[in-house]
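Engineer: Sharing a model prediction with you, sequence too.
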Amino acid sequence: MGEQRRRRALQSVADEPRKSQRPWVLAVVAFWISAGITLAVLLTTGKLNPILVGITFGAMVLGVWLKIRHQRQRPKAGNRTSDAKGSR
């Protein structure tokens, strides 16, 4: 019984980076979709729509902010106890 709890705890720790990365990935997808729509509107009308540019810029800022927050939450590579390549 204790072994199952430990496995579940380790699995939840292993899944944590993926969970914290999801909002960042969604923001990146939203940016590229809005950038594509903005470009399509620009090419068809010949005018730059300021509302679409604002949405695209907002998605970009949100993505950068979430990426910075995600990077700060990740453990540093130098803090690992075991190294896959080994020390020389």
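Structural biologist: Alright, I've got the coordinates. No experiment lies behind these values; they were computed from the predicted model shown.
Engineer: All the helices of the protein, residue numbers only.
Structural biologist: Using DSSP state H, the helices of the chain run over 2-45, 50-73.
Engineer: lowest-confidence stretch among those helices?
Structural biologist: For these, mean pLDDT drops lowest on helix 2-45, to a mean of 80.
Engineer: Columns mean neighbour count on top of the helices of the chain, output as CSV?
Structural biologist: From N, CA and C alone the C-beta is placed, and that goes for glycine too. Below are the helices of the chain laid out as CSV (neighbours: other CB atoms under 10 Å):
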stretch, mean neighbour count
helix 2-45, 12
helix 50-73, 14
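Engineer: count of residues packed around the closest residue to V41 other than its chain neighbours?
Structural biologist: Leaving aside its sequence neighbours, V41 sits nearest to N49 (CB to CB, 6 or more residues apart in numbering; 5.3 Å). N49 has 14 neighbours, counted by other CB atoms under 10 Å.
Engineer: pretty sure N49 contacts L39?
Structural biologist: No - taking contacts as CB atoms under 8 Å, N49 lies outside contact range of L39: 10.7 Å.
Engineer: can you list the residues that contact stretch 40-48?
Structural biologist: 38, 49, 52 (CB atoms under 8 Å, 6 or more residues apart in numbering).
Engineer: in terms of contact, does the last one touch I33 like I think?
Structural biologist: No - using CB under 8 Å as the test, L52 is too far from I33 to be in contact (11.1 Å).
Engineer: Thanks a lot, catch you later.
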